[in-house]
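A.B. asks: Any chance you can model this:
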Amino acid sequence: MEDRDKKITAAALLVLAGGVIGAGLALLFAPQSGDRTRKDILRYSKKARNRADGVVDDLADNVSNLVETIGEKTDELLEKGKDVAGGARKDLIRLIEEGASKLEKFRTMLSRM
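C.D. replies: Sure thing, here's the model as predicted:
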């Protein structure tokens, strides 16, 4: 077990050393100064932030429009539901009245017998 731990530690140190050496070589052979690189990074980050702000604004507008459309459709469905319920209520009352009328006729007919 100790041998395995030593190998893992050695591998981790080699990876870390490689990273440090690579960073050093990158700084030595960089085509521009650090000041220039920082300015470029700042400029690119501002561009990325502006693009992200635009995307967020577009997304917020789309969500707002979607919510508004859903609200309108819900209102339309509610009105249609009220109309259908009102029509069904009228039909139900008519059928009950017809049933009561037929029941009364049937009672009259039974009482004559």
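A.B. asks: who's in contact with Ala11?
C.D. replies: Counting by C-beta atoms under 8 Å, 6 or more residues apart in numbering, Ala11 touches no other residue. Just so you know, the C-beta spots here come from the backbone N, C-alpha and C atoms, and that holds for glycine as well.
A.B. asks: Could you report the pLDDT at it?
C.D. replies: With respect to pLDDT, Ala11 scores 89.
A.B. asks: next one: the one 5 residues further on
C.D. replies: On pLDDT, Leu16 comes in at 88.
A.B. asks: Just want the phi and psi numbers for it.
C.D. replies: Dihedral pair for Leu16: phi -60, psi -40, per degrees, to the nearest 10.
A.B. asks: any idea how far it lies from Ala30?
C.D. replies: According to C-beta to C-beta, to the nearest Å, Leu16 stands 21 Å off from Ala30.
A.B. asks: Please name every helix or strand in contact with the longest helix seen in the chain.
C.D. replies: Using DSSP state H to define each element, the chain has its longest helix at helix 34-112. Packed against helix 34-112 by the contact rule (3 or more C-beta pairs under 8 Å, 6 or more residues apart in numbering; DSSP states H and E) you find no helix or strand.
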